[in-house]
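> missing the sequence, but the structure's below:
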């Protein structure tokens, strides 16, 4: 295979370009049928600004390119040559987006947005599907930097790149280590994860309750205990009870429990959950510090800052928030103390760790964004030890084989179709269509990298805009695609039909046989209780066929 190299870099204080060996470096290129490894041998210190390794690829008119999104919430799906990839959106580009740092939620600062149809990019791994066969391309490590795979279906090329911003190369440096294979969907991903040497940490599904998608931050001890008691009546179907955001006074101030809502603290709730025989889960955003929080006010030196020394906004949640610098020793000690309190004093068994992308928004201390993302997961694994992690809002590959469970899509809305605001948001926004598509197209990770959390099923009739038919569909969908099956309802409010659906969703008696997507229509063939079944629906508007 003929590869073309293109480097933009800085050496000896000058900006330079190169297409191969020169006076500043040489390349060791190891090429085989199953991969490509590129090592740069510098003769002087080099800082790579951009580089691409490009090859021809004969896309047909029917070829589909799979583009894996940057983090949990980023839209992920197959594209055809007439499709266009979304970008930051009008809201993200607006003054509001700039104030709250919406550009830091995704890859918008280091990947150029595609402006033409037929051009796409994917993180860590990608494939071209021709009929039932995949041409698969995947990174064997992103610890050195994020691997980005570009497809230009117009010029019929594939390109491979690595985000190495911030890294000074002064000794031999592996800039690409790629794995290639062909086969059916399952064959290709089995081979890839075999080459990675990655296996999931658990095969135990989590089934139960999370408080978020009903009450959001408006939770209380009374609500948590009431819904717990209701769920206990159906204990044979569930094993986990998770308290989500809203118990703390501010994000980042994890030791400051809202005494008005939780007068008896958190341990009493854990004890109550354990008494029912359930795993106790708690939501945390361990790298976040809400604007106005005690943490942000008293320890501004713990926050990631820009070149002007000002904290960098990393999202609009909670009126805006910043990120902790995981290399600051005091910040690191604080993070460890939080986990010690949550896991060893309060007694939680599982932590849902959210907004984890925030730790690696910029290159720091000579490390690439990818290396920082891996270091952040290493820190969390050290803090949590043998207890369980449900990752969320995080880059996928650094978590392969490192967390037990993973959200692989954005938050679902309490309705299906996008309204005008949502249509103009960034790729990581709340979205039922994107949550569904991500579950379909990241099913490759379920049982290979971790168990996937496709987000919740909701069967209540109040405070929701799904039709009962859509609720049943989503419940069946999550049953088939999920390793985490949570809902946020008070089960005591269910009628007999809702209870029957609830129990069906949580019973392991179904298996996917085939998945096909044609345009916006998903066809999911499965077997339940020995009987062939089909889910057929429009992923964009929720129409059921």
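Perfect, thanks for sending it. Because the structure is predicted, anything quoted here is derived from the model rather than measured.

> For the rest of this, base every contact and every neighbour count on C-alpha atoms.
Fine.

> looking at this, residue 271 is in a helix?
Yes. With the criterion set as DSSP: H, G, I helix; E, B strand; the rest coil, the secondary structure at residue 271 is a helix.

> In contact with it, which residues are there?
If a contact means Cα atoms under 8 Å, 6 or more residues apart in numbering, then residue 271 has residue 347 as its contacts.

> pLDDT-wise, which helix or strand of this structure ranks last?
Across the helices and strands of the chain, mean confidence by mean pLDDT, DSSP states H and E is lowest for helix 420-423: a mean of 87.

> number of nearby residues for residue 15?
Neighbour count of residue 15, defined by other Cα atoms under 10 Å: 12.

> elements contacting the helix or strand just after the least confident helix or strand of the chain?
Remark: after helix 420-423, the chain's next helix or strand is helix 432-441, criterion DSSP states H and E. Contacts defined by 3 or more Cα pairs under 8 Å, 6 or more residues apart in numbering; DSSP states H and E place helix 432-441 against strand 77-79.

> elements contacting the strand it packs on?
Packed against strand 77-79, as judged by 3+ Cα pairs under 8 Å, 6+ apart, are the following elements: strand 64-67, helix 432-441.

> thinking again about what came up before, give me the residues contacting the least confident helix or strand of the chain.
Outside helix 420-423, the residues that touch it by Cα under 8 Å, 6+ apart are 429, 430, 431.

> buried set for that helix?
Buried residues in helix 420-423, counted by 16 or more other Cα atoms under 10 Å: none are found.

> ok, which stretches of the stretch 151-300 of the chain are helices?
In order along the chain, the stretch 151-300 of the chain carries the following helices (DSSP state H, counting those that start in this stretch): 185-196, 212-215, 221-232, 267-275, 294-298.

> List the contacts of the closest residue to residue 321 other than its chain neighbours.
Leaving aside its chain neighbours, residue 321 sits nearest to residue 290 (4.1 Å; criterion: Cα to Cα, 6 or more residues apart in numbering). The neighbourhood of residue 290, defined by Cα under 8 Å, 6+ apart, consists of 250, 251, 252, 296, 318, 319, 320, 321, 322.

> Can you classify residue 27 as helix, strand or coil?
Going by three-state DSSP: residue 27 is strand.

> which helix in the chain runs the most residues?
The longest helix of the chain (DSSP state H) is helix 369-384.

> Same question for it: list its buried residues.
Counting neighbours by 16+ other Cα under 10 Å, one finds that the buried residues in helix 369-384 are 369-377, 380-381, 383-384.

> Please produce JSON lines containing these, extended by pLDDT.
Shown next, in JSON lines, are those (pLDDT from 0 to 100):
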{"residue": "369", "pLDDT": "98"}
{"residue": "370", "pLDDT": "97"}
{"residue": "371", "pLDDT": "98"}
{"residue": "372", "pLDDT": "98"}
{"residue": "373", "pLDDT": "98"}
{"residue": "374", "pLDDT": "98"}
{"residue": "375", "pLDDT": "98"}
{"residue": "376", "pLDDT": "98"}
{"residue": "377", "pLDDT": "98"}
{"residue": "380", "pLDDT": "98"}
{"residue": "381", "pLDDT": "98"}
{"residue": "383", "pLDDT": "98"}
{"residue": "384", "pLDDT": "98"}
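
> from those, which is closest to residue 474?
Of all these, the one with the least separation from residue 474 (Cα to Cα) is residue 377, at 30.7 Å.

> ok, that closest one touching residue 399?
Yes. Assessed by Cα atoms under 8 Å, residue 377 is found in contact with residue 399 at 6.8 Å.

> Residue 79 bridge partners, please.
The bridge-partner assignment for residue 79, based on DSSP bridges, gives residue 65.

> Quick one: residues contacting it.
Residue 79 is in contact with 64, 65, 66, 67, 120, counting by Cα under 8 Å, 6+ apart.

> between the residues you listed, which has the most around it?
The member of those that has the most neighbours, counting by other Cα under 10 Å, is residue 65 with 28 neighbours.

> From residue 397, how far out is it?
With the distance defined as Cα to Cα, to the nearest Å, residue 65 ends up 19 Å from residue 397.

> Ok, residue 301 next?
Counting by Cα to Cα, the separation of residue 301 from residue 397 is 30 Å.

> repeat for residue 183
For residue 183, the distance to residue 397 under the criterion Cα to Cα works out to 21 Å.

> what about residue 225, how many neighbours?
Close neighbours of residue 225, defined as other Cα under 10 Å, add up to 14.

> which stretch among the helices of the stretch 151-300 of the chain comes nearest residue 260?
Comparing the helices of the stretch 151-300 of the chain by their distance to residue 260 (Cα to Cα), the top pick is helix 221-232, with 9.3 Å.

> Tell me which residue is most central in this protein.
The centroid of the chain falls nearest to residue 72 when counting by Cα atoms, centre = their mean (1.5 Å).

> Look up phi and psi at that residue.
Note on residue 72: its backbone torsions stand at phi -50, psi -50 [degrees, to the nearest 10].

> right, and it touches residue 407 too?
Yes. Residue 72 is within contact range of residue 407, at 5.9 Å (criterion: Cα under 8 Å).

> shared neighbours of these two, which are they?
Common neighbours of residue 72 and residue 407, using Cα under 8 Å, 6+ apart, are 392, 393.

> partner residues bridging residue 179?
Beta-bridge partners of residue 179, counted by DSSP bridges, are residue 35, residue 138.

> Centroid-wise, who is the farthest residue in this protein?
Distance to the chain centre peaks in the chain at residue 23, reaching 41.1 Å (criterion: Cα atoms, centre = their mean).
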